[in-house]
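Enquirer: structural data only, the sequence is not supplied:
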């Protein structure tokens, strides 16, 4: 019977770890005649070659020697030696779970023509330091977030050591990039090239490999530095990846991290002092068993070393690699109406005016969603200090309260409209079921009167929680918006705000099928290039926000003061409930 899968293991001076990996491969549920293992000894001087020669496992084991050429060169050498139709790249410090090879094979049989990422876990033999426990929790979160066998991933989700691919496909894209010898993220770079060709990346949760050697803090900081250097290289080599791998793309509400990053990015070569202080603080927090501040400091230190790597590889041109963060403000009703049950979402007119004038006085420039998309999609230039202003639900009073003021200031803005509620009321809101929604003639009137300053975009048909409905229902909700709104406004509908901010991976996939350029949540944070265009954050503005809350939200995409108030309120309610 021909070999179905070849396991390629590059190794350098880790004979003891390699032995454990090779031993674990003897316990596979796949018959030994269906797979082979090729060990590429990358210039080892610790007796690795002799150790491999002395082994007689149940499967076919081969080895090749090369002078030290790095991980990518070793993998490519092993791939050339492979006789299996599939190649599994496994790191030498990994213990293969019994189902590892069978799960990779099954996934390729069910979904041929792509790359498969297996699951990773930290082996119980690894000593659990506070930092290792922190990393283990992150791995668990990643695994839990990839629900279902063969979930689709993006290239930036690929991490090394347990990936498989058809040997012919790997050869057709030129193998692993050997120019990344001194850097990291060789797997992610390969995944990006595959995705550019239309190949799919899938996750096989049952294809588990357990790591027996895991970086503690010092090693993780060195790795983060190399990832920073790789980030610059990938942007230079693949301009279309611009900003996708930046930690800023996924950064949401942490004031400490925002402030520390400003220090990092403005400090240039002086980064080492604050980083040294962070490492000292980490040690003190660990000794005192203060987990939350220790984890915050882990993130700060890793972030700082990443930007040190960016600085080194870019030769000091940090600003060229830092994506601009844009606040997208989300309002609801602007009115002097009193409704205690719904007051959180009804902003008094005078307060809204003060907020808009503050933006103007501080040189913020409102931009349209088209301008935002141009920046996110192709790095089109933006004015200094951009801000996006949006309104959910299209309340009738906005025609006379918010839109005239914004038009006077020359501020473009967007109303997200429920097409099935036009001319009706907020019957989906139990606390305020009778608030009037813009009528058809009002939408026409506003579009004609204010021209390019006002836009009307999709908010669904019936204000449903889309993550609770199937793809067909989601598709119908958005198509109804497009068909109903375009004749009224005379504008194409190309943007979507999820009702209640609720969405899922499946919801986002539906948006990608439709002529929708960007979709918006109500998750806190600044909008940056590299984020999923169908999961962009918006920060909600509430009636109880203090002036300092508003300024924080514009600057950082969230207010730490408002967050602290919410936490205190929850604690208070919990304590009252115990009485």
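Expert: Happy to help now that I have it. Worth saying up front: this structure is predicted, and the values here are computed from it rather than measured.

Enquirer: CA atoms for contacts and neighbours, from now on please.
Expert: Will do.

Enquirer: quick one, what contacts residue 97?
Expert: By CA atoms under 8 Å, 6 or more residues apart in numbering, the residues touching residue 97 are 24, 27-28, 207-210.

Enquirer: which ones among those map onto strands?
Expert: Residues of the contacts of residue 97 located in strands (DSSP state E): 207-210.

Enquirer: determine which two of the residues you listed are furthest apart.
Expert: 207 and 210 (10.2 Å; CA to CA).

Enquirer: more crowded one of the two?
Expert: residue 207 (25 against 19; other CA atoms under 10 Å).

Enquirer: so what's that one up against?
Expert: Contacts of residue 207 (CA under 8 Å, 6+ apart): 97, 99-104, 118-119.

Enquirer: residue 92 now?
Expert: Shown in contact with residue 92 (CA under 8 Å, 6+ apart): 9-11, 14, 17-18, 21.

Enquirer: which residue sits closest to it, ignoring its sequence neighbours?
Expert: Spatial nearest neighbour of residue 92, chain neighbours left out: residue 18 (4.8 Å); criterion: CA to CA, 6 or more residues apart in numbering.

Enquirer: helix, strand or coil: sort out that neighbour for me.
Expert: Following DSSP: H, G, I helix; E, B strand; the rest coil, residue 18 is assigned to helix.

Enquirer: quick check: it touching residue 93?
Expert: Yes: contact criterion CA atoms under 8 Å: residue 18 and residue 93 qualify, at 6.1 Å.

Enquirer: for stretch 569-579, what is the average pLDDT?
Expert: If you average the pLDDT over stretch 569-579, you get 76.

Enquirer: same check on stretch 551-563?
Expert: Per-residue scores along stretch 551-563 average to 91.

Enquirer: what residues does stretch 58-77 touch?
Expert: Residues from elsewhere that reach stretch 58-77 (CA under 8 Å, 6+ apart): 8-10, 26, 32-33, 35-44, 49, 52-53, 78, 89, 175-178, 180-182, 186.

Enquirer: residues contacting residue 373?
Expert: By CA under 8 Å, 6+ apart, residue 373 lies in contact with 517-518.

Enquirer: work out for me the element it sits within.
Expert: Here residue 373 is covered by helix 369-378, with elements defined by DSSP states H and E.

Enquirer: rewinding a little: just the buried residues out of the contacts of residue 97, in ChimeraX syntax.
Expert: Selection of buried members from these for ChimeraX, criterion 16 or more other CA atoms under 10 Å:
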select :24,27,28,207,208,209,210
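
Enquirer: got TSV for the contacts of residue 97, with pLDDT too?
Expert: Below are these laid out as TSV (pLDDT from 0 to 100):
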residue	pLDDT
24	97
27	97
28	97
207	95
208	95
209	97
210	97
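
Enquirer: among the contacts of residue 97, which one lies nearest to residue 510?
Expert: residue 207 (28.3 Å).

Enquirer: against residue 448, how distant is the spatially closest residue to the closest one that is not a sequence neighbour?
Expert: Nearest residue to residue 207, sequence neighbours excluded (CA to CA, 6+ apart): residue 100, at 4.1 Å. Residue 100 sits 62 Å away from residue 448, going by CA to CA, to the nearest Å.

Enquirer: try residue 97
Expert: Taking CA to CA, one finds residue 97 at 65 Å from residue 448.

Enquirer: which residues does residue 372 contact?
Expert: residue 388.

Enquirer: please report how far it lies from residue 490.
Expert: 21 Å.

Enquirer: same deal with residue 299?
Expert: Taking CA to CA, one finds residue 299 at 47 Å from residue 490.

Enquirer: can you check residue 10 too?
Expert: Residue 10 is 60 Å from residue 490, by CA to CA.

Enquirer: helices and strands of the chain: which one has the lowest mean pLDDT?
Expert: Least confident element among the helices and strands of the chain, by mean pLDDT, DSSP states H and E: helix 255-267 (a mean of 60).

Enquirer: which strands or helices does whichever helix or strand comes after that one pack on?
Expert: Next helix or strand after helix 255-267 toward the C-terminus (DSSP H and E): helix 272-287. Here helix 272-287 touches helix 291-313, going by 3 or more CA pairs under 8 Å, 6 or more residues apart in numbering; DSSP states H and E.
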